[in-house]
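Novice: give me a model of this one.
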Amino acid sequence: MAQQLSLLLSLLLVTAICVSAMYPITARFGAVNKLVKSDFEVELPPEFVTYFYNQTLDHFNYKPESYRTFQQRYIMNSAYWGGANSSSPIFVYTGDEASITAVAAFAGFIVELASRFNGLLLYIEHRYYGDSVPFGSKDEAFSNTSTLGYFTSTQALADYAELITNLKKNLSAENCPVIAIGGSYGGMLASWFRLKYPHIVIGALASSAPILYFDDITPGNAYHVIVTKDFRHIRDSWSEIDKVAAEPNGLANLSQIFMTCEPLNSSQELKYYLALCYVVSAQNDNPPAYPVKKVCDAIDGAPEGTDIIGRVAAGLNASVGPPCHFVYDFKPSNRSEWIWQTCTEMVMPIGHGANDTMFQAWPFDLNNHTKPVKIYLVLLQDLIGSQQNLDIKSVLGNFASNIIFSNGLRDPYSAGGVLQDISDSVVAIYTDKGAHCLDLSTPTATDPDWLVSQQEKEVKIIGLWLAEYNARLISKAHGRMG
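Specialist: Down below sits the predicted model:
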């Protein structure tokens, strides 16, 4: 129990670092439950071997600097691989906004796939994260817009394409099919990878990938509407906190009630921290921890006569735990990888009004949303405007094949996920009880039946993709012989 509380504390603090108080509050993306920072390293078992690839800096231009390279980290596990001659598959995790060692430690389902299909495991770190930083150092890479201009999902996908192609050639594994797998942002990358490079990957599993949360396809308040379904008694607490804060010694009293490590400077600091606690709990409301239940049980179980502020404080202590809470006035950092991405390409118009969720009004405002990047003097309006009207649903319907979109409906980001089959081969698999990226976690003997069923459906579909690929391969070989 203590370990779980400590873990959620780490999760809350890390998420806070990565989300600016200018934004409507959401938990950060990512399959790793946000228990890690982007540069957090995890020690892996010896069968996970780390390598570095001399990666091209710029895949799309022909400027002199485009031909520079950087060291991109990747991890391989060949413990289950049937070898190149058997055309055994390669399962590629499309790295997201975390160190690749943390991803490899979390995403145990991909290991299960490798054991079932005699697959090779390949985890590729996203450029600018972990140890895959161009220009020699993070200080240099984040020094200006010229160096940050290569930090895009498009360049990252091209990285994956080049590395996979080169690796297959070196392993004499040209006939081995590749399947992309990712969660959250990594899931979006996996689905985009299948769309953009169908000659390299035969299919993709995109877990908790909110690819419909762009271009006003999804209502802006949908994320927080789902969070609101999980909690009671919260809506009235915000005004009560403001009321107490306005009293003489009010902030000191709130600091005492909520056991903050440092004195509060404003009620907004506390409200932001509480909101972050609620969204993180909702987004990661997976077994066995079920953090939402812990919060709600504490709120509902407070002694009779406890006022709303006391109940909310009890809920906070249950989710994060004593001895004290590190409540800060969170400021955006010009060294945050994820802030750069969410202010350039990954701009999701998430916001909410005064009465449509349990939160105080926080409408989406593009100008406020992009303030952190204005540190770099980037003209984002032009960038964002150029990416309007992409109608991803039509793209999926007209051009996509062999993509699984998996979701848990307790995940607030599922509001922006694909929840209906697009075609016979672009399918949606979801559970009512799961939350963010649960199906990518390591299977255990205590997994609920609904999770086991979801993963078995995914295994069956992936097996069909591989069978179809191998049938085509055999047919092609017979054609050459004939």
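
Novice: now do the buried residues in stretch 342-360.
Specialist: Neighbour-count burial for stretch 342-360, with 16 or more other C-beta atoms under 10 Å as criterion, is recorded at 342-352, 356-359. For every residue, glycine as well, the C-beta is placed using N, CA and C.

Novice: just name the closest of these to E240, please.
Specialist: Comparing the buried residues of stretch 342-360 against E240 with C-beta to C-beta places M358 closest, at 13.4 Å.

Novice: any idea which element that closest one lies in?
Specialist: Counting by DSSP states H and E, no helix or strand carries M358.

Novice: these two touch, right, it and T228?
Specialist: Yes: using C-beta atoms under 8 Å, M358 makes contact with T228 at a distance of 4.4 Å.

Novice: common neighbours of these two, please.
Specialist: Taking C-beta atoms under 8 Å, 6 or more residues apart in numbering as the contact rule, the neighbours common to M358 and T228 are I234.

Novice: sort out for me which of the buried residues of stretch 342-360 are in helices.
Specialist: The subset of those located in helices under the criterion DSSP state H comprises T342, C343, T344.

Novice: can you lay out these as TSV showing pLDDT and distance to K393?
Specialist: Listed next are those as TSV, based on pLDDT from 0 to 100; distance: C-beta to C-beta, whole Å:
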residue	pLDDT	distance to K393
T342	86	22
C343	82	25
T344	84	23
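
Novice: okay, and for the stretch 201-350 of the chain, where does confidence drop off?
Specialist: Segments of the stretch 201-350 of the chain classed as low confidence (criterion: pLDDT under 70) are 329-332.

Novice: and the strands in it?
Specialist: Taking DSSP state E, counting those that start in this stretch to define them, one finds strands in the stretch 201-350 of the chain at 203-207.

Novice: all helices for it, in order.
Specialist: 222-229, 237-245, 250-257, 267-283, 291-300, 308-319, 337-344 (DSSP state H, counting those that start in this stretch).

Novice: tabulate the ones you listed (JSON lines), appending distance to L120.
Specialist: As requested, these are exported to JSON lines (distance: least, C-beta to C-beta, whole Å):
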{"stretch": "helix 222-229", "distance to L120": "36"}
{"stretch": "helix 237-245", "distance to L120": "51"}
{"stretch": "helix 250-257", "distance to L120": "54"}
{"stretch": "helix 267-283", "distance to L120": "31"}
{"stretch": "helix 291-300", "distance to L120": "35"}
{"stretch": "helix 308-319", "distance to L120": "40"}
{"stretch": "helix 337-344", "distance to L120": "28"}
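
Novice: quick one: closest of the ones you listed to E162.
Specialist: Short answer: helix 337-344, nearest of those by C-beta to C-beta, at 20.6 Å.

Novice: which other helices and strands does that closest one contact?
Specialist: Contacts of helix 337-344 with other secondary structure elements, assessed using 3 or more C-beta pairs under 8 Å, 6 or more residues apart in numbering; DSSP states H and E, are made with helix 380-385.

Novice: contacts for the next helix or strand after the helix it packs on?
Specialist: Next helix or strand after helix 380-385 toward the C-terminus (DSSP H and E): helix 392-399. If you take C-beta under 8 Å, 6+ apart as the criterion, helix 392-399 is touched by L195, I211, L212, F214, D215, I217, I403, V418, I422, S423, V426.

Novice: apart from its neighbours in sequence, what residue is nearest the fourth one?
Specialist: Here the nearest residue to F214 in space, its sequence neighbours aside, is M348; by C-beta to C-beta, 6 or more residues apart in numbering that works out to 6.4 Å.

Novice: what's near enough to touch that neighbour?
Specialist: Applying C-beta under 8 Å, 6+ apart, we find M348 in contact with P210, Y213, F214, T342, G416.

Novice: measure it to A190 for me?
Specialist: Note on M348: its distance to A190, by C-beta to C-beta, to the nearest Å, is 18 Å.

Novice: the helix or strand harbouring Y51: what's the following helix or strand?
Specialist: Taking DSSP H and E as the definition, Y51 sits inside strand 49-56. For strand 49-56, the succeeding helix or strand toward the C-terminus, using DSSP H and E, is strand 69-77.

Novice: now that following strand: buried residues?
Specialist: F70, Q72, R73, Y74, I75, M76, N77.

Novice: CA atoms only for that strand, dumped as CSV, please.
Specialist: C-alpha atoms of strand 69-77 as CSV (Å, rounded to 0.1, in the frame of the first residue of the first chain):
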residue,chain,number,x,y,z
THR,A,69,23.4,12.5,-37.3
PHE,A,70,22.7,11.7,-33.7
GLN,A,71,22.8,8.6,-31.6
GLN,A,72,19.3,7.0,-31.3
ARG,A,73,18.9,4.4,-28.6
TYR,A,74,17.0,1.2,-29.2
ILE,A,75,16.6,-2.0,-27.2
MET,A,76,16.3,-5.5,-28.6
ASN,A,77,15.1,-8.8,-27.0
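
Novice: mind giving me the packing neighbours of it?
Specialist: Identification of packing neighbours for strand 69-77 by 3+ C-beta pairs under 8 Å, 6+ apart yields strand 49-56, helix 100-106, strand 120-124, helix 153-170.

Novice: thinking again about what came up before, which one among the contacts of helix 392-399 gets closest to Y328?
Specialist: Out of the contacts of helix 392-399, the one with the shortest distance to Y328 is F214. That distance is 30.0 Å, counting by C-beta to C-beta.

Novice: right, and that closest one touches V347 too?
Specialist: Yes: between F214 and V347 there is a contact at 7.5 Å, judged by C-beta under 8 Å.

Novice: ok, of the ones in helices among the buried residues of stretch 342-360, which one's closest to L270?
Specialist: Proximity of these to L270 was ranked by C-beta to C-beta; the top entry is T342 with 23.9 Å.

Novice: tell me the mean pLDDT over stretch 446-464?
Specialist: Per-residue pLDDT values over stretch 446-464 give a mean of 98.

Novice: using CSV, write out every CA atom in that stretch.
Specialist: Output in CSV follows, covering the C-alpha atoms of stretch 446-464 (Å, rounded to 0.1, in the frame of the first residue of the first chain):
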residue,chain,number,x,y,z
THR,A,446,-5.0,-11.9,-11.2
ASP,A,447,-6.1,-9.9,-14.3
PRO,A,448,-9.9,-9.5,-14.6
ASP,A,449,-11.7,-11.5,-17.2
TRP,A,450,-12.6,-8.5,-19.2
LEU,A,451,-8.9,-7.5,-19.6
VAL,A,452,-7.9,-11.1,-20.6
SER,A,453,-10.7,-11.1,-23.2
GLN,A,454,-9.5,-7.7,-24.6
GLN,A,455,-5.9,-8.9,-25.0
GLU,A,456,-7.0,-12.3,-26.5
LYS,A,457,-9.0,-10.4,-29.1
GLU,A,458,-5.9,-8.4,-30.0
VAL,A,459,-3.7,-11.6,-30.1
LYS,A,460,-6.2,-13.2,-32.5
ILE,A,461,-6.3,-10.3,-34.9
ILE,A,462,-2.5,-10.0,-34.9
GLY,A,463,-2.3,-13.8,-35.6
LEU,A,464,-4.6,-13.3,-38.6
